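# the sequence isn't on hand, but the structure is:
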């Protein structure tokens, strides 16, 4: 089983320092936490080994999003769900092999939920034709997430690359580490801290729900009026949702997470929370719970620029969690769904 190492090289140190400087105001950027970013990742990692790698990924993502706008959210979510389980190593992409691998795709938070694997396979096939055995599946996820954000109108940013792919998956850890839609703020803070992300990062990255959808079963309990609900729902919005999910959790329908601009990557997610129009309990509690998350939601609801700036920092931080970078560890998969023979 491949272990993850974080060599403290000069480049990693510079990235760490930069992230901490940019995170002024987020006091959680401690020496202990920042050590996670001495990871050996680099900007323009494939400049010489596969110069067209980022262009190829962008072209495939753009084509997929043009065919189905929702795919942008699906690809962003793949990167998130990959990094939260044993680091950003492409383990989420591995399919079940009886007696060998239990796929993270079969974990409860992912089952019948994560999607976009066919698009990832298309990116990998195109890259293998261009430069065989060079670009990792883990890096494909990071690049695809970046391009999905940009194509939706979000910030355009450079992405750190150089991850290698794991030879293992961890279904049990996926069940444990991925945040739940019924979590309260304290649950979310603990969940993100468990993988090395701060409470600040949690509120920032939750804004990714400005695109995408959720099944009726993920919020059905919110359709019943509950005076003690710590995450209240606007009555008119509840009525609207009840029409979309007439059979509650048993309704086979997906609903936009952002009722205002569902395919636009913008701060409408936060302004919706101010109106008690957060679809999921775990979204609405960020504003309804007094404290740091409430104040942060207010800031982003009134400043798209502030959120974009912080989003780039936080997703870069998340994408740097425990990657495999040593050449004697992990591999560059030929097909993202399977380890190499």
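Yes, it's here. A quick note: this is a predicted structure, and the numbers were derived from the prediction, not measured.
# got a list of what residue 82 touches?
By CB atoms under 8 Å, 6 or more residues apart in numbering, the contact set of residue 82 is 88, 89, 90, 91, 92, 93, 138, 141. Glycine gets a C-beta too; all of them are placed from N, C-alpha and C.
# make JSON lines out of those residues and add pLDDT.
Conversion of these to JSON lines gives the following (pLDDT from 0 to 100):
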{"residue": "88", "pLDDT": "98"}
{"residue": "89", "pLDDT": "98"}
{"residue": "90", "pLDDT": "98"}
{"residue": "91", "pLDDT": "98"}
{"residue": "92", "pLDDT": "99"}
{"residue": "93", "pLDDT": "99"}
{"residue": "138", "pLDDT": "99"}
{"residue": "141", "pLDDT": "99"}
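# out of those residues, which is most surrounded?
The most crowded member of the contacts of residue 82, judged by other CB atoms under 10 Å, is residue 92 (32 neighbours).
# just checking, that residue is part of a helix?
Yes: counting by DSSP: H, G, I helix; E, B strand; the rest coil, residue 92 falls inside a helix.
# ok, it touching residue 169?
Yes: using CB atoms under 8 Å, residue 92 makes contact with residue 169 at a distance of 7.4 Å.
# give the intersection of the neighbour lists for the two.
With CB under 8 Å, 6+ apart, residue 92 and residue 169 have common neighbours 85, 104.
# OK, contacts around the residue most central in space within the chain?
Nearest to the mean C-alpha position of the chain, counting by CA atoms, centre = their mean, stands residue 80 at 2.4 Å. By CB under 8 Å, 6+ apart, the residues touching residue 80 are 145, 205, 208, 318.
# distance check, the third one against residue 77.
Looking back up the chat, that one is residue 208. Distance, residue 208 to residue 77, by CB to CB, to the nearest Å: 8 Å.
# ok, the first one next?
Applying CB to CB, the value for residue 145 to residue 77 is 9 Å.
# who has more neighbours out of those two?
Set residue 145 next to residue 77 and count neighbours by other CB under 10 Å: residue 145 wins out with 25 against 22.
# doesn't that one fall inside a helix?
Yes: under three-state DSSP, residue 145 sits within a helix.
# the residue nearest to the centre of the chain - that's part of a strand, no?
No: the assignment for residue 80 is helix, going by three-state DSSP, so no strand is present there.
# show the pLDDT at it.
pLDDT, residue 80: 98.
# ok, now residue 287?
Reported pLDDT for residue 287: 98.
# show me the contacts for the residue lying closest to it once chain neighbours are set aside.
Excluding its sequence neighbours, the residue lying closest to residue 287 (CB to CB, 6 or more residues apart in numbering) is residue 273, at 3.9 Å. By CB under 8 Å, 6+ apart, the contact list for residue 273 reads 283, 284, 286, 287, 288, 297, 301.
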